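Chemist: below is the sequence, then the predicted model.
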Amino acid sequence: MKKILVPLLACITLGEVAFTYAAEEGFKSLFNGKDLTGWEGNPELWSVQDGAITGKTPPSPADPKKSTLEHNTFLVYTAGPVGDFELRLTYRIVNGNSGIQYRSKVTEKGKFGPIVAGYQADFEAGKTYSGILYEERGRGILAERGQKTVIKSDGGKHKVEVVGALGKSEDIQAKIKHEDWNDYVVIAKGNHLQHFINGVQTVDVVDEDTSKAAKEGVLALQIHVGPPMTVQFKNIRLKPLSGGPSAKSDIDLLQGEWVPVEIVANGEKASQEALDSIKVRIKGNQYFVESNNSSQGTFKIVESSSPKKMDVVSEDGTELPAIYELSGDTFKACYAVNGAGRPTAFKSEQGSDHIFTIYKRKGQ
């Protein structure tokens with residue numbers, strides 16, 4: 001087992017990132033279409049159904065016209081903040097109200113899941129609010145549908161100045177498909193914020209209220225209090241724009257030191273003593289393993305595949321095909337050794353020549 005531990009650990013390194021939407025240059029997929037890897041929320045409300053992130057609220061036993069929710073809650077993207085970006089996704093909603101939070105912050109762990117405050121690209125099953133810019137737990141509506149606005153500071157309070165029009169609200173609403181799939185685009189660059197639904201611009205905002213205008217923050221999806229509802233999201237992809245931070249790639253998130261908390265090789269678990277003797281450091285697309293048999297090498301990843309792929313090459317030229325998952329400070333990988341084929345699941349069985357590992361960021 002010791003002979004295959006070191007090359008296996010090498011697989012942690014990353015290098016090249018491929019994107020699902022190759023025709024959309026610079027865009028990165030934020031959802032793998034199968035599970036909620038990279039997202040965090042209440043698992044009783046959020047799931048993946050029919051290839052889409054799905055949020056559902058159950059009816060209240062006391063009043064079936066209302067859901068059991070007592071506060072708005074969110075599914076939060078965990079792979080770093082967004083700053084200047086273009087976000088593209090497709091959504092569908094049945095009943096109720098929802099939205100896309102951006103440059104936002106998680107304020108607390110609520111009874112029903114994370115509570116988030118900040119900019120929101122709103123949409124609903126009704127006919128009034130889809131496309132507006134709303135600041136959740138903040139300044140409220142910053143632009144109604146069809147408005148161009150400038151947000152100014154006025155004696156410590158904010159003031160919304162309407163400076164132009166993009167079209168009539170009812171005409172924009174006519175382009176939105178009821179309880180069907182619609183395309184949403186959000187562009188944020190500096191203090192200029194724009195929303196589009198099905199190719200039609202819905203708001204154009206310049207936020208000059210400098211004490212409250214957010215430059216970066218989390219991305220999240222909303223479930224709203226009110227009637228029982230279903231909201232779905234798919235084809236979620238993001239492109240960073242120059243001048244600000246954006247969602248980080250997996251190779252960025254893997255930088256630093258990691259320690260294994262579980263290693264299973266050919267169905268056999270490594271002892272705690274063996275785990276304690278191993279440390280892995282990642283720098284760029286290189287890895288360095290400190291153990292009884294220290295080693296190093298390089299790696300590259302294909303972040304858009306499902307499961308995500310990793311290809312490790314040790315310093316002696318040994319190639320190790322692998323799959324991996326990354327969520328917060330936990331890194332999970334399964335490697336193939338001795339010429340075995342790339343794993344398809346995160347497990348190691350006797351005779352498989354697969355090594356399953358779980359790492360934690362050092363200090364966590």
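Modeler: Happy to help now that I have it.

Chemist: just say helix, strand or coil for residue 75.
Modeler: Look at residue 75: counting by DSSP: H, G, I helix; E, B strand; the rest coil, its state is strand.

Chemist: oops, could you answer that again for residue 42 instead?
Modeler: Per three-state DSSP, residue 42 ends up coil.

Chemist: could you give the number of residues near it?
Modeler: 18 (other CB atoms under 10 Å). Glycine gets a C-beta too; all of them are placed from N, C-alpha and C.

Chemist: test my guess that it contacts residue 112.
Modeler: Yes. Residue 42 lies in contact with residue 112 (CB atoms under 8 Å); the separation is 5.9 Å.

Chemist: so where do the strands sit in the stretch 51-200 of the chain?
Modeler: 52-56, 73-77, 85-94, 97-110, 113-124, 133-136, 140-143, 147-154, 157-165, 182-189, 192-197, 200-207 (DSSP state E, counting those that start in this stretch).

Chemist: gap between stretch 40-55 and the chain center?
Modeler: The chain centre lies 13 Å from the centre of stretch 40-55; the measure is CA atoms, centre = their mean, to the nearest Å.

Chemist: now that stretch: buried residues?
Modeler: Buried residues in stretch 40-55, counted by 16 or more other CB atoms under 10 Å: 40, 41, 42, 45, 46, 48, 52, 53, 54, 55.

Chemist: what's in contact with it?
Modeler: Residues external to stretch 40-55 that are found in contact with it (CB atoms under 8 Å, 6 or more residues apart in numbering): 31, 33-36, 39, 56-57, 73-76, 78, 92, 98, 112-114, 221-223, 229-234, 236, 328.

Chemist: and these, which are buried?
Modeler: Applying 16+ other CB under 10 Å to these flags 31, 36, 39, 56-57, 73-76, 78, 92, 98, 112-114, 221-223, 229-234, 236 as buried.

Chemist: skipping adjacent residues, who's closest to residue 94 in space?
Modeler: residue 230 (4.6 Å; CB to CB, 6 or more residues apart in numbering).

Chemist: skipping its backbone neighbours, what lies nearest residue 37 in space?
Modeler: residue 325 is the one closest to residue 37 (CB to CB, 6+ apart), at 5.5 Å.

Chemist: please apply the same query to residue 328.
Modeler: Per CB to CB, 6+ apart, closest to residue 328 is residue 78, 5.6 Å.

Chemist: could you check how far that neighbour is from residue 218?
Modeler: 8 Å (CB to CB, to the nearest Å).

Chemist: kindly report the same for residue 186.
Modeler: Applying CB to CB to residue 186 and residue 218 gives a distance of 14 Å.

Chemist: what sits against residue 187?
Modeler: Residues counted as contacts of residue 187 (CB under 8 Å, 6+ apart) are 85, 86, 87, 193, 194, 196, 241.

Chemist: 6 Å - rerun?
Modeler: 86, 194 (CB atoms under 6 Å, 6 or more residues apart in numbering).

Chemist: which residue is the nearest non-sequential neighbour of residue 141?
Modeler: residue 134 (5.4 Å).

Chemist: burial count for that neighbour?
Modeler: 21.

Chemist: could you do residue 305 as well?
Modeler: Residue 305: 13 surrounding residues under other CB under 10 Å.

Chemist: kindly report the same for the one 3 residues further on.
Modeler: The local packing of residue 308 (other CB under 10 Å) involves 19 other residues.

Chemist: mind checking which helix or strand the closest residue to it other than its chain neighbours is in?
Modeler: Excluding the flanking residues, the one nearest residue 308 by CB to CB, 6+ apart is residue 324, at 5.3 Å. Here residue 324, judged by DSSP states H and E, is contained in strand 319-327.

Chemist: which other helices and strands contact that strand?
Modeler: With contacts taken as 3 or more CB pairs under 6 Å, 6 or more residues apart in numbering; DSSP states H and E, strand 319-327 sits against strand 308-314, strand 330-336.

Chemist: for residue 219, see how far away residue 82 is.
Modeler: Taking CB to CB, one finds residue 82 at 5 Å from residue 219.

Chemist: okay, the two: which has more neighbours?
Modeler: Neighbours per residue (other CB under 10 Å) separate residue 82 from residue 219, with residue 219 holding more: 29 against 26.

Chemist: which pLDDT value belongs to that one?
Modeler: At residue 219, the predicted lDDT confidence score is 97.

Chemist: also residue 84?
Modeler: Taking residue 84 on its own, its pLDDT is 94.

Chemist: cool, residue 364 as well?
Modeler: Residue 364 is given a pLDDT of 51.

Chemist: over to residue 291?
Modeler: At residue 291, pLDDT is 89.
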